Structure formats: structure tokens, C-alpha cells
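Okay, here's the prediction I keep looking at, along with the sequence it came from:
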Amino acid sequence: MTAELDQVTVKKAYTRWAPVYDIVFGAVFDQGRQAAIEAAERVGGRILEVGVGTGISLPSYSSSNRIIGIDLCEPMLRKAQEKVVELSLTNVVRLEVMDAEHLSFEDASFDVVAAHHVVSTCPHPEAALDEFARVVRPGGEIILISRVGAEAGMRRVAEQMLQPIVRQLGWRSEFPWDRFARWTDGRSDVHLIERRPVPPFGHFSLVRFGKSATTPPS
Ligand SMILES: C[S@@+](CC[C@H](N)C(=O)[O-])C[C@H]1O[C@@H](n2cnc3c(N)ncnc32)[C@H](O)[C@@H]1O
């Protein structure tokens, strides 16, 4: 049984989640989402929300920012579009089906790239992170809420054993911090600003990366 995530599995999983997503994952993830939105608002401006899903966070952004949301899964995005219309969210300027690993935006087009509970659901998380770093402007921030799994020990073994099962639900149980650490180590233009646990259960973290104000020559 494979443990890997792929686009077909992710799309299928979130097509199933779409009708009930807000009921199941609304309140339970709210504290973390609000912390991430506060961090994004401190930078402000043009905010790309990757894996915007049902648009659960959209009503919380202040009207002065410009929000662009993308997601792989059309049924999730349809729910987001309904919210935009019902709540007259005029600051949400665009919602589009798009793959986080292949963003169609120009380099440095956003002040903030936000992804709440998304990176560990992408088939190739590091490819998505590379795209975030490309489209955020120098001096901007990448703000994530992410699953951070165990580094070692019995908990890590349990997370690895669960992975073939939870992939059908569209996520990873196994996602050690080391993946983020190795990603930043491989880049000279991105640095860690903050990492702190957020509810529930200490299995998730708010992670902020800064894009260096001056990009080194390639
Ligand atoms: C766990 S949900 C998170 C939704 C929302 N951000 C939240 O805070 O609840 C993960 C979302 O990421 C999307 N997603 C997964 N892989 C993606 C990819 N490669 N590109 C774009 N969206 C992706 C899924 O379709 C789903 O809507």
C-alpha cells in the first residue's frame, strides 16, 4: 500500500470533504487560522491564499487587503465562491483552480503567501514551497499553518504506519519539521521568522518565513 499523496487522491478526498468541511474543520482549526490571518494582516497588501478550500478564512481578512485564493479542488472552491457572494467579500478579487506546485503568477507578485493546513496535503510540498518563495516579493512573508509530525520515536513510527490510511483522507500524518529545515537550508533567499505550536493537540504550527529583501544574484 502506497503512502504517497498524488493529485488524483487529493482532489477525490477534498471533493468528498467539500460539503461537510466547515462543520468538521471549522471550530477545531479556528485559533490557528486566526493567528495566521493576524500575521498576514501585519504585512498586508496583496495576499495569496493557497489551498483556500471552502474559503473558511476569507471573512476574517480586513477589507483593506486584496485576497486571491487558489485551490486544486473545484468543489471546495465553489464553496468559497458562495461565501464571497453571500457575504459580499469585495476584497476577494479572484478565486481560481490552480496547483500550488505550478502557480501561474509572476515572480514577486504578492506581499504575503498564506497556506493554512495545505503544505502537507500537497503531493510535493517542497515544490509548493519553492513556488511560494518565487511569487512572494522580497521583504514579504510566507505564512503557514502546518502539520508538524514527530522527528523520531514511537510517535514517528505510528505516524508512518498511519500514512497509507490517512492519504485517502487527503493529508499526511507523517511530516517532520526536518522537511522545512532542509528546504530553508537549500535556499539563500528565505529565512525562518517564527515557528510556534497552535491548537489542536500541539500537532500543528504557525510557521512564518521571510523572503530576503535583496535577492542574491542567481
Ligand atoms: C486541509 S484543506 C485546508 C483548507 C483551508 N486552507 C483551511 O484552512 O481549512 C487543504 C486544501 O488544500 C488543497 N490542496 C491540496 N493540494 C493542493 C495543491 N497542490 N494545490 C492547490 N491546492 C491544494 C485541497 O484541495 C484543500 O482544499
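Now that the structure is in, tell me what you want to look at. Keep in mind that this is a model prediction, so the values were computed, not measured.

lowest-pLDDT helix or strand in the chain?
Ranked by mean pLDDT, DSSP states H and E, the weakest helix or strand in the chain is helix 153-166, scoring a mean of 86.

Show me what secondary structure element comes after that one.
helix 178-185 (DSSP states H and E).

got the CA positions of that following helix in PDB?
C-alpha atoms of helix 178-185 as PDB (Å, rounded to 0.1, in the frame of the first residue of the first chain):
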ATOM      1  CA  ASP A 178      13.100  18.400   9.200                       C
ATOM      2  CA  ARG A 179      11.400  18.800   5.800                       C
ATOM      3  CA  PHE A 180      11.000  22.500   6.400                       C
ATOM      4  CA  ALA A 181      14.500  22.800   7.800                       C
ATOM      5  CA  ARG A 182      16.100  21.100   4.700                       C
ATOM      6  CA  TRP A 183      14.000  23.300   2.500                       C
ATOM      7  CA  THR A 184      15.300  26.500   4.100                       C
ATOM      8  CA  ASP A 185      18.800  25.100   4.200                       C
END
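
Just name whatever secondary elements the helix or strand following it is in contact with.
Toward the C-terminus, helix 178-185 is succeeded by strand 190-198 as the next helix or strand (DSSP H and E). Contacts defined by 3 or more Cβ pairs under 8 Å, 6 or more residues apart in numbering; DSSP states H and E place strand 190-198 against helix 30-43, strand 136-147, helix 178-185, strand 204-211. For glycine as for every other residue, the C-beta is placed from the backbone atoms N, C-alpha and C.

Among the ones you listed, show me which one is buried the most.
Mean neighbour count (mean count of other Cβ atoms under 10 Å) peaks for strand 136-147 among the helices and strands packed on strand 190-198, with a mean of 23.

That strand pairs with which strands, and in what direction?
strand 110-116 (parallel), strand 204-211 (antiparallel) (DSSP bridges).

Reformat these as CSV; add distance to the ligand and mean pLDDT.
Rendered in CSV, the data for those read as follows (distance: least, Cβ to the nearest ligand atom, whole Å; pLDDT from 0 to 100):
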stretch, distance to the ligand, mean pLDDT
strand 110-116, 3, 98
strand 204-211, 11, 97
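
Would you format those strands as TSV with distance to residue 51 included?
As requested, the strands paired with strand 136-147 are exported to TSV (distance: least, Cβ to Cβ, whole Å):
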stretch	distance to residue 51
strand 110-116	5
strand 204-211	14
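
And residue 120, its phi and psi?
Backbone geometry at residue 120, expressed as degrees, to the nearest 10, gives phi -80, psi 0.

That one: what's it in contact with?
146-147, 171-172, 175 (Cβ atoms under 8 Å, 6 or more residues apart in numbering).

so which of those comes closest to the ligand?
Nearest to the ligand among these: residue 171, at 6.3 Å, using Cβ to the nearest ligand atom.
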